[in-house]
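Sequence plus predicted model, see below.
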Amino acid sequence: MDYLAIPYLWGGQNPETGLDCSGFVQMIYKKEGLNLPRVSRDQFRSTKYLKFNQVLPGDLIFFAMKSPGTAKVDHVGVYVGKGYFVHASFSKGIHIDRINNQYYYKRLVGIRKYKGF
C-alpha cells in the first residue's frame, strides 16, 4: 500500500477513508504486532525517552502543534531515517518532512521508543 496517497481525516483509522496522525502510527505499529494506544498523548505516555542521537527508524516523534514550546502533545510521526519522519499532515495527508524544518522543530516535544520495537 502506498501510504503517501492516504488523505488526512481527523479521528480516521481506516486507510481507505483517511487517517489522522495517531491512527496512522497505530496502524503502522499494529502491522508489526504492537498495540499502541489510540491518541498521540497516550502514545507519548506509553513510550520511553530517547536522546536525539539514539533515534532509529520506527521511533516516534512527538509534537505540540497547537501549543509550541509546551509539552502538550497533540501530534505524532514515525522516524524513517536521515532526519526525516512520516506523519499524517492535516493539509497534506500522509507526508514525509524533515525534523529540523523550523516549523516542526519549534514544536518538537520529544523522540521516544515503544517497548518491543
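Thanks, I have it.

from here on, contacts and neighbour counts on C-alpha atoms
Fine.

Give me the below-cutoff pLDDT ranges for this protein.
Within the chain, the segments meeting pLDDT under 70 span 1, 117.

Find me whatever residue is spatially closest to the residue positioned nearest the centre of the chain, sequence neighbours aside.
Centroid check for the chain by CA atoms, centre = their mean gives Gly77 as the closest residue, at 1.6 Å. Among residues not flanking Gly77 along the chain, His87 sits closest, at 4.4 Å (CA to CA, 6 or more residues apart in numbering).

Now for that neighbour, how many residues are close by?
28 (other CA atoms under 10 Å).

need the strands for the protein, in chain order.
Secondary structure of the chain (DSSP state E): strands located at 13-14, 18-19, 47-50, 60-63, 75-81, 84-89, 93-98, 108-114.

wait, Gly12 sits on Gly23?
Yes - using CA atoms under 8 Å, Gly12 makes contact with Gly23 at a distance of 6.2 Å.

Which residue of the two possesses the greater neighbour count?
Gly23 (27 against 17).

can I assume the more buried one is in contact with Arg38?
Yes - contact criterion CA under 8 Å: Gly23 and Arg38 qualify, at 6.5 Å.

re the thing from before, how much space separates the residue nearest to the centre of the chain from Val109?
From Gly77 over to Val109 the distance is 12 Å, taken as CA to CA, to the nearest Å.

Find the residues that touch each one of these two.
Ile61, Phe62 (CA atoms under 8 Å, 6 or more residues apart in numbering).

coming back round to it: run through the residues that contact the residue nearest to the centre of the chain.
With CA under 8 Å, 6+ apart, Gly77 has these contacts: Cys21, Ser22, Val25, Leu60, Ile61, Phe62, Phe85, Val86, His87, Ala88.

cool, Val39 as well?
Ser22, Gly23.

one more time with 10 Å
Val39 is in contact with Gly11, Asp20, Cys21, Ser22, Gly23, Val25, Gln26, Val73, Asp74, His75, Val76, counting by CA atoms under 10 Å, 6 or more residues apart in numbering.

before we move on, what about Gln43?
Listed by CA under 10 Å, 6+ apart, the contact partners of Gln43 are 22, 25-26, 35-37, 60, 62, 73, 75-76, 112-114.
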